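> have a look at this prediction, sequence included:
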Amino acid sequence: MTHAHPAPGSHELVEAARATLAAGGVQWTELRAQIFAVLVESAHAVSAYDVSEQVSFRMGRRIAANSVYRILDLFVTHNLAKRVESRNAYVANVHPACRHDCIFLVCEACGGIEHLDDDRLGAEMRARAADLGFLAKRPALELIGQCRRCRGL
Ligand SMILES: [Zn+2]
Ligand SMILES: [Zn+2]
């Protein structure tokens, strides 16, 4: 079934992310907080390289893209961030307390990312794959197109 999540303000989202990480036994460090803030404040999906540039600027010291990549990976594992495969980039997960196979709507005009959740679609894909003996770890569900704003709607 589709199910809606209230659009969280950035403060609520940071609190939810911090709580989710703590529940997974992972510390909320200054660097992790800064990286998450970059994701939350960006309207677009951001690459590990872009995140490291922005975080280096915020923190006033060089943060290697490798360290950022590891933390983004940790965020994905703990459901704080999602990877947008077609962009090779990351977005903050707006529902860190809730697991979904998120479906991303990627605007090729402005680069904006929206997302919707429909658990029937994800479950159906996983079930069809299982019928073929395939163990699905995570789907990459994306629609490439034009967003409402770019279409002038
Ligand atoms: Zn979702
Ligand atoms: Zn757009």
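Received, thanks. Ligands and ions are numbered 1, 2, ... in the order given.

> switch to C-alpha atoms for all contacts and neighbour counts from now on
Will do.

> how close does the closest residue to residue 113 other than its chain neighbours sit to residue 85?
Closest residue to residue 113 apart from its sequence neighbours, by C-alpha to C-alpha, 6 or more residues apart in numbering: residue 106 at 4.9 Å. According to C-alpha to C-alpha, to the nearest Å, residue 106 and residue 85 sit 10 Å apart.

> tell me which of the two has more neighbours.
Taking neighbours as other C-alpha atoms under 10 Å, residue 106 and residue 85 compare with residue 106 leading, 23 against 13.

> next SSE after the host helix or strand of residue 120?
Here residue 120 sits within helix 119-131, counting by DSSP states H and E. Stepping forward along the backbone from helix 119-131, the first helix or strand reached (DSSP H and E) is strand 141-145.

> rewinding a little: which residues touch the residue nearest to residue 113?
Residue 106 makes contact with 112-114, 142-147, according to C-alpha atoms under 8 Å, 6 or more residues apart in numbering.

> that one falls within a strand, correct?
Yes: counting by DSSP: H, G, I helix; E, B strand; the rest coil, residue 106 is found in a strand.

> helix, strand or coil for the residue most central in space within the chain?
By C-alpha atoms, centre = their mean, the chain has its centre lying nearest to residue 82, at 2.5 Å. Using three-state DSSP, the three-state assignment for residue 82 comes out as strand.

> what pairs with it across the strands?
Legend: beta-bridge partners of residue 82 under DSSP bridges are residue 91.

> any idea of the pLDDT on it?
pLDDT recorded at residue 82 is 94.

> distance of it from residue 148?
22 Å.

> can you check residue 142 too?
On the measure of C-alpha to C-alpha, residue 142 and residue 148 end up 16 Å apart.

> thanks again, I'm all set now.
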